[in-house]
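>>> One predicted model, sequence on top.
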Amino acid sequence: MSRLTPLPPPLPTLQDLAVRIAVTGSIATDYLMTFPGRFSEQLVADQLDRVSLSFLVDELEVRRGGVAANICFGLAQLGLSPLLVGAVGQDFEGDYRAWLRRHGVETGAVHVSDLKHTARFLCTTDLDQNQMASFYTGAMEEARFIELEPIVERFGTLDLVVVSPNDPEAMLRHTDEARRVGIPFMADPGQQLARMDGDQVRELVDGAAYLVTNDYERALLENKTGWSSDEVLDRVETRITTLGPKGCMIEIAGVPTVEVPAAPELERTDPTGVGDAFRAGFLAGQAWDLSLQRSAEVGSLAATYVLEHVGTQEYQLRGDRFLERFRGVYGDEAADQIEPHVIALD
């Protein structure tokens, strides 16, 4: 993982980089709805064992989504050429595939099901940006049949495999393959932690170059594995925990924890896909040989762009504007380090 370790400058230009990141995970169509109230006001404390609620929503947006597709879109926005690995239905073949390819995502490793539709994500967001969601698996369950070695033979050496939320068997298979052939991997279990038992979570995480969760998933992971925080750090190289508006923290065994503040948003529109954009920005920073802290700062600002839009792939990064906002949040020294890379985005 020589090109993805957190090395300090000097920095190559973006054009000199040939980092290939494969992102495995969900590819979906998002149905995003807005509830003009608060979920918390609809819950009755002594009736939580038999909740039956229906929310009348004001808006419905149908957008392209899925964790792996969102991460790939973000990486491509930052100038990389990510390889998308996942399973879809025939309905992917028209607009969605063309959209991703037009925005710089390699889709040649996407498996197309003959029987099932592309996965569906249905999410309602309230006034406090809390969300209630359901996910229909659809063709995603066929991701378990995708093997990484033929993909390597076809597309060349992979520098990193991102194992993001997907069919659980696919996640375990991709982790095992990456470990077996010596490809560094990012463990990003996300919402699938709820579907996995302790043995599966331990298998997914052990040996990861990066482990990324939010703070709730962090606690759930430790509860399911029975590992303490220190024991998790003994099994992964770098642990990143996102904390919403509080930013994120980065941990490595034996090294002081690094805390990175979130980049402030111009407006708060919809939080769907914010974590995916953070991962894309963080990985782009690592591909640029930035430090872990600087990479997380790039991820934080990329996440803010998503928060300001409805839809997970509706934002557009412009190098000069991105650099200006980055400088305003993280300072001149930080901005000078990312400038050779983001200026090429114009």
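Okay, I see it.
>>> host element of the most centrally placed residue in the chain?
Nearest to the geometric centre of the chain sits Asp276, at 2.9 Å (C-alpha atoms, centre = their mean). According to DSSP states H and E, Asp276 maps onto helix 274-287.
>>> same deal with Pro340?
Short version, using DSSP H and E: Pro340 is in helix 332-342.
>>> from the chain's centre, how far out does that helix sit?
Computed by C-alpha atoms, centre = their mean, to the nearest Å, the separation of helix 332-342 from the middle of its chain amounts to 23 Å.
>>> okay, and for the stretch 101-250 of the chain, where does confidence drop off?
For the stretch 101-250 of the chain, no stretch has pLDDT under 70.
>>> the helices in the stretch 51-200 of the chain, which residues?
With DSSP state H, counting those that start in this stretch as the criterion, the stretch 51-200 of the chain has helices at 67-77, 95-102, 148-155, 168-181, 198-205.
>>> out of the ones you listed, deepest packed?
Mean neighbours per residue, mean count of other C-beta atoms under 10 Å, is largest over those for helix 67-77, with a mean of 29. C-beta here means a position set from N, CA and C on the backbone, and glycine is covered the same way.
>>> mind putting the helices of the stretch 51-200 of the chain in TSV, distance to Asp30 included?
As requested, these are exported to TSV (distance: least, C-beta to C-beta, whole Å):
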stretch	distance to Asp30
helix 67-77	9
helix 95-102	11
helix 148-155	26
helix 168-181	20
helix 198-205	25
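>>> Indicate which one of those helices is closest to Thr242.
helix 67-77 (13.7 Å; C-beta to C-beta).
>>> The residue nearest to Gln191 when sequence neighbours are not counted: what's it in contact with?
Leaving out its chain neighbours, the residue that sits closest to Gln191 by C-beta to C-beta, 6 or more residues apart in numbering is Pro165, at 5.5 Å. Contacts for Pro165 (C-beta atoms under 8 Å, 6 or more residues apart in numbering) come out as 25-26, 67, 171, 188-192.
>>> And the residues you listed, which of them are buried?
Neighbour-count burial (16 or more other C-beta atoms under 10 Å) applied to those gives 25-26, 67, 171, 188-190, 192.
>>> Which strands or helices does the longest helix along the chain pack on?
Taking DSSP state H as the criterion, the chain has its longest helix at helix 292-307. Here helix 292-307 touches strand 248-252, strand 255-260, helix 274-287, helix 319-330, helix 332-342, going by 3 or more C-beta pairs under 8 Å, 6 or more residues apart in numbering; DSSP states H and E.
>>> Pick the most deeply packed of these.
Mean neighbour count (mean count of other C-beta under 10 Å) peaks for helix 274-287 among the helices and strands packed on helix 292-307, with a mean of 28.
>>> Helix 67-77 and that one, what's the angle between them?
Put simply, helix 274-287 runs at 50 degrees to helix 67-77, going by axes from the mean of the first three to the mean of the last three C-alpha atoms, to 10 degrees.
>>> Determine which two of the buried ones among the contacts of Pro165 are furthest apart.
Spatial extent of the buried ones among the contacts of Pro165 (C-beta to C-beta) is set by the pair Ser26 and Pro189 at 12.3 Å.
>>> Cross-check the contact I'm expecting between Arg318 and Ala344.
No: contact criterion C-beta atoms under 8 Å: Arg318 and Ala344 do not qualify, at 11.3 Å.
>>> which residues does Asp206 contact?
Shown in contact with Asp206 (C-beta under 8 Å, 6+ apart): 235-236.
>>> try it again with 10 Å
Asp206 makes contact with 175, 179, 187, 225, 227, 232, 234-236, according to C-beta atoms under 10 Å, 6 or more residues apart in numbering.
>>> where do the contact lists of Ser26 and Pro189 overlap?
By C-beta under 10 Å, 6+ apart, Ser26 and Pro189 have these common neighbours: 164-166.
>>> ok, of the residues you listed, which one's closest to Gln313?
For the shared contacts of Ser26 and Pro189, the closest approach to Gln313 (C-beta to C-beta) belongs to Ser164, at 15.1 Å.
>>> That closest one: neighbour count?
28 (other C-beta atoms under 10 Å).
>>> phi, psi of the closest residue to it other than its chain neighbours?
Excluding the flanking residues, the one nearest Ser164 by C-beta to C-beta, 6+ apart is Gly25, at 3.3 Å. With angles defined as degrees, to the nearest 10, Gly25 sits at phi 150, psi -160.
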